[in-house]
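Asks: Quick one, what's the 3D model for this:
(4 chains, ligands or ions: 2)
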Amino acid sequence: MNVLTLKADIVNLPVFLRFLTQFLKERPFSLQRRKEIEIAAEEAFVNIIRYAYKFDKPGDLQLSFHETANKRVEIEFRDRGVPFDPTSMTEPDTELSISERKIGGLGVLFIRRMVDGLSYRRQGDQNILTFSILMPEGDIANTRGKTEAS
Amino acid sequence: MNVLTLKADIVNLPVFLRFLTQFLKERPFSLQRRKEIEIAAEEAFVNIIRYAYKFDKPGDLQLSFHETANKRVEIEFRDRGVPFDPTSMTEPDTELSISERKIGGLGVLFIRRMVDGLSYRRQGDQNILTFSILMPEGDIANTRGKTEAS
Amino acid sequence: MEITKRKEDNFSVLSVSGRLDAVTSPELEKELLSIIAEGEKSLVLDLAKLDYISSAGLRAVLAGAKKIKQQQGTLRLACLKGVVKEVFEVSGFDSIIPCFETAESALKAGS
Amino acid sequence: MEITKRKEDNFSVLSVSGRLDAVTSPELEKELLSIIAEGEKSLVLDLAKLDYISSAGLRAVLAGAKKIKQQQGTLRLACLKGVVKEVFEVSGFDSIIPCFETAESALKAGS
Ligand SMILES: Nc1ncnc2c1ncn2[C@@H]1O[C@H](COP(=O)(O)OP(=O)(O)O)[C@@H](O)[C@H]1O
Ligand SMILES: Nc1ncnc2c1ncn2[C@@H]1O[C@H](COP(=O)(O)OP(=O)(O)O)[C@@H](O)[C@H]1O
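Replies: Residues are numbered from 1 along each chain as shown, chains lettered A, B, ... in the order given. Ligands and ions are numbered 1, 2, ... in the order given. This is a model prediction of the structure:
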């Protein structure tokens, strides 16, 4: 399991997303699927910055990347912000007109729609949110472990 | 400070080097300088895998990336392997003939030559090796924080 | 993210390429609101070359759509595809902002 | 890392492109040792397109140079540049293995 620990700051969004993209590229995900996962990951990351550490000075955000034995990848987000369980939220009404429609509420919706499994637990002072994503069949073994030009 | 924690396994060398390259690309290093730093980093990484955890099962390797206030970047390697201080090694004789020349001893030499400062300390059960690298003058502010295609 | 603008018929057509994420989207929102503040009433957003959009990008588009509506103008979307199309569908934005297959059809459609 | 081979005069010329690091170098070492085991006595390593080399890469080159020397053959290097040249200089390998500016001059040089 590879773990990336970053300050919960928007300047680190590209650092995280590039790392994630690289992790996904080493596995047989399509470009479309990679982008879907990236969207969900961005929403979770941005919410931690925006809400979890709203009342605190920005803390750390710990991101883990893991391939399970049963052909899934798991991406785990850990923060020490206010307790928040996105799996228990009600979804926004996506059928309102343009003037009624409020800006917002879509981040959690996208997370739910884009991943195959979502679980939350609180452990001590940590929020632990885990994306579970099915790996498609396919063999890109020859791109694994390949190093790249500087 | 961004921290990457990886299993000390050669399959993670590309993961580390890509992350490092990205970190360096966001700062005004030339391609030549980036490659020199990458070489030093590879040598340190490989030595930890090969020697630090020689008698143990492969442990973690913690890599920190940090920009200091005085225009340096620091790359720190932490492991829990056998104590080893590369700053106190004697350099290999680089003037021997082809048959006398032994294969090896170059990793630590490259580390020393390629970085601007090298420091080692032992803390508890950890080896902490720190590269210090001068940042060149230059402004690539407009490439900072830029996000990249999937 | 890059925005290019052109005038066609009575419309301003904005082509957005690259990525609309939490880092880049505020720039689009600013651009949209400033064009509308200058009096533009007919806008087409051509997203043919947009590779990626998150809720931050939708937020920028919706902010523009709301603003122009207040001034009795219209904003139309063109060329949604791939994950961009999916994001508009999941959010339901594709049914509150008129979407067209091509920039041409967006320009030619009656109001 | 990619190796392409050609025969020229009495030499086998191996062009190595990409990266020679701890992951890719064992492949070059294997290739060199197998060519030498097949009886090749005259080798040129053309490194014009090599972007990166670490001590693992040098190890592969030195292993080849030692092996061919045992069989009274020669290994020559061509086209060291940038960080590749620097690595050969720092290690002193540039003075124990003959280096040439171009693959041609490596082929034409007397033994
Ligand atoms: N990590 C978090 N910590 C605390 N509250 C959160 C977190 N993520 C989301 N929320 C709450 O859930 C709401 C919905 O979030 P989201 O769906 O991303 O939409 P938006 O951010 O646009 O409101 C937020 O407004 C916030 O109140
Ligand atoms: N992280 C480490 N832990 C323990 N011993 C090490 C470590 N790094 C290097 N060494 C020792 O220093 C020696 C020189 O290392 P190096 O210069 O990289 O050359 P090589 O690996 O080719 O021998 C190694 O052979 C090993 O004995």
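
Asks: residues touching the residue minimising distance to the centre of chain A, list them.
Replies: Nearest to the mean C-alpha position of chain A, by CA atoms, centre = their mean, lies A:A41 at 2.5 Å. Neighbour list for A:A41: A:F16, A:L17, A:L20, A:I75, A:F131 [criterion: CB atoms under 8 Å, 6 or more residues apart in numbering or on different chains]. Just so you know, the C-beta spots here come from the backbone N, C-alpha and C atoms, and that holds for glycine as well.

Asks: Please state the offset of whatever helix or strand C:D51 lives in from the chain centre?
Replies: Secondary structure assignment for C:D51, by DSSP states H and E: strand C:50-53. Computed by CA atoms, centre = their mean, to the nearest Å, the separation of strand C:50-53 from the middle of its chain amounts to 12 Å.

Asks: tell me the average confidence for whichever helix or strand comes after that strand?
Replies: Beyond strand C:50-53 on the C-terminal side, the first helix or strand identified by DSSP H and E is helix C:55-70. Average pLDDT, helix C:55-70: 95.

Asks: Tell me how many other residues crowd the residue of chain C found nearest ligand 1.
Replies: Scanning chain C for the residue nearest ligand 1 gives C:S55, at 6.0 Å (criterion: CB to the nearest ligand atom). Per other CB atoms under 10 Å in any protein chain shown, the neighbour tally for C:S55 reads 28.

Asks: Contact partners for the most far-flung residue of chain A relative to its centre?
Replies: For chain A, the residue at maximal distance from the C-alpha centroid (CA atoms, centre = their mean) is A:S99, at 30.3 Å. Shown in contact with A:S99 (CB under 8 Å, 6+ apart): C:K66, C:K69.

Asks: Would you check how far apart A:N127 and chain C are?
Replies: 19 Å (CB to the nearest CB, to the nearest Å).

Asks: Who's the closest spatial neighbour of C:L28, skipping the chain neighbours?
Replies: C:A60 (4.4 Å; CB to CB, 6 or more residues apart in numbering or on different chains).

Asks: tell me the helices in chain A, going along the chain?
Replies: Along chain A, counting by DSSP state H, helices occupy A:13-25, A:31-47, A:106-114.

Asks: Name the residues of the longest one that are buried.
Replies: Neighbour-count burial for helix A:31-47, with 16 or more other CB atoms under 10 Å in any protein chain shown as criterion, is recorded at A:33-47.

Asks: same thing with stretch A:82-96?
Replies: Buried, per 16+ other CB under 10 Å, within stretch A:82-96: A:F84, A:P86, A:P92, A:T94.

Asks: Quick check: end-to-end length of it?
Replies: 30 Å (CA to CA, to the nearest Å).

Asks: what do you get for stretch C:6-15?
Replies: Taking CA to CA, stretch C:6-15 runs 8 Å from one end to the other.

Asks: Any buried residues in that stretch, and which?
Replies: Buried, per 16+ other CB under 10 Å, within stretch C:6-15: C:F11, C:S12, C:V13, C:L14, C:S15.

Asks: Kindly report the same for stretch A:60-75.
Replies: A:L61, A:Q62, A:L63, A:S64, A:F65, A:V73, A:E74, A:I75.

Asks: what's the answer for stretch C:76-95, then?
Replies: C:76-80, C:83-88, C:90-94.

Asks: and if you look at stretch C:98-108?
Replies: C:P98, C:C99, C:F100, C:A103, C:A106, C:L107.

Asks: and that stretch, how far from the chain's centre?
Replies: With CA atoms, centre = their mean, you get 11 Å for stretch C:98-108.

Asks: do that stretch and chain A meet at all?
Replies: No - using CB under 8 Å from any CB of the partner chain, stretch C:98-108 never reaches chain A; the gap is at least 10.3 Å.

Asks: ok, the residue nearest to C:G92 when sequence neighbours are not counted to B:Q32 distance?
Replies: Once flanking residues are discounted, C:G92 sits nearest to A:T94: 3.1 Å by CB to CB, 6+ apart. Going from A:T94 to B:Q32 by CB to CB, to the nearest Å gives 53 Å.

Asks: Can you tell me which of the buried residues of stretch A:82-96 lies closest to D:K67?
Replies: A:P86 (60.8 Å; CB to CB).

Asks: correct me, but that closest one touches A:I111?
Replies: Yes - if you go by CB atoms under 8 Å, A:P86 and A:I111 touch, sitting 6.5 Å apart.

Asks: Pass me the low-pLDDT residue ranges in chain C, would you?
Replies: C:111 (pLDDT under 70).

Asks: Spell out the secondary structure type for the residue positioned nearest the centre of it.
Replies: By CA atoms, centre = their mean, chain C has its centre lying nearest to C:L45, at 3.4 Å. Three-state assignment for C:L45 (DSSP: H, G, I helix; E, B strand; the rest coil): strand.

Asks: show me what contacts it?
Replies: Contacts of C:L45 by CB under 8 Å, 6+ apart are C:L14, C:V16, C:V61, C:G64, C:L75, C:R76, C:L77, C:A78.

Asks: circling back: possible to save the contacts of A:A41 as JSON lines with pLDDT and distance to A:D116?
Replies: Formatted as JSON lines, the contacts of A:A41 follow (pLDDT from 0 to 100; distance: CB to CB, whole Å):
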{"residue": "A:F16", "pLDDT": "98", "distance to A:D116": "20"}
{"residue": "A:L17", "pLDDT": "97", "distance to A:D116": "20"}
{"residue": "A:L20", "pLDDT": "98", "distance to A:D116": "16"}
{"residue": "A:I75", "pLDDT": "98", "distance to A:D116": "11"}
{"residue": "A:F131", "pLDDT": "98", "distance to A:D116": "8"}
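
Asks: For PyMOL, write a command that selects the buried ones of those residues.
Replies: To isolate the buried members of those in PyMOL, using 16+ other CB under 10 Å:
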select buried, chain A and resi 16+17+20+75+131
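
Asks: Quick check: residues of chain C near chain B?
Replies: Checking chain C against chain B by CB under 8 Å from any CB, the hits are C:G18, C:R19, C:D21, C:V23, C:T24, C:D51, C:Y52.

Asks: Quick one: the residues you listed as CSV, columns for distance to ligand 1, secondary structure and neighbour count too.
Replies: Below are those laid out as CSV (distance: CB to the nearest ligand atom, whole Å; DSSP: H, G, I helix; E, B strand; the rest coil; neighbours: other CB atoms under 10 Å in any protein chain shown):
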residue, distance to ligand 1, secondary structure, neighbour count
C:G18, 22, strand, 17
C:R19, 18, strand, 26
C:D21, 14, coil, 23
C:V23, 16, coil, 21
C:T24, 17, coil, 22
C:D51, 22, strand, 18
C:Y52, 17, strand, 25
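
Asks: Hmm, the residue nearest to C:L28 is touching C:L33, no?
Replies: No - counting by CB under 8 Å, C:A60 does not reach C:L33; the two are 9.2 Å apart.

Asks: Tell me which of the buried residues of stretch C:98-108 fall in strands.
Replies: C:C99, C:F100 (DSSP state E).

Asks: quick one on the thing from earlier: next, work out how far apart the residue of chain C closest to ligand 1 and A:S132 are.
Replies: Taking CB to CB, one finds C:S55 at 21 Å from A:S132.

Asks: before we move on, what about A:K35?
Replies: Counting by CB to CB, the gap from A:K35 to A:S132 is 18 Å.

Asks: thinking again about what came up before, any idea what the residue nearest to the centre of chain C is bridged to?
Replies: Per DSSP bridges, the residues bridged to C:L45 are C:L14, C:L77.

Asks: Sounds good, over and out.
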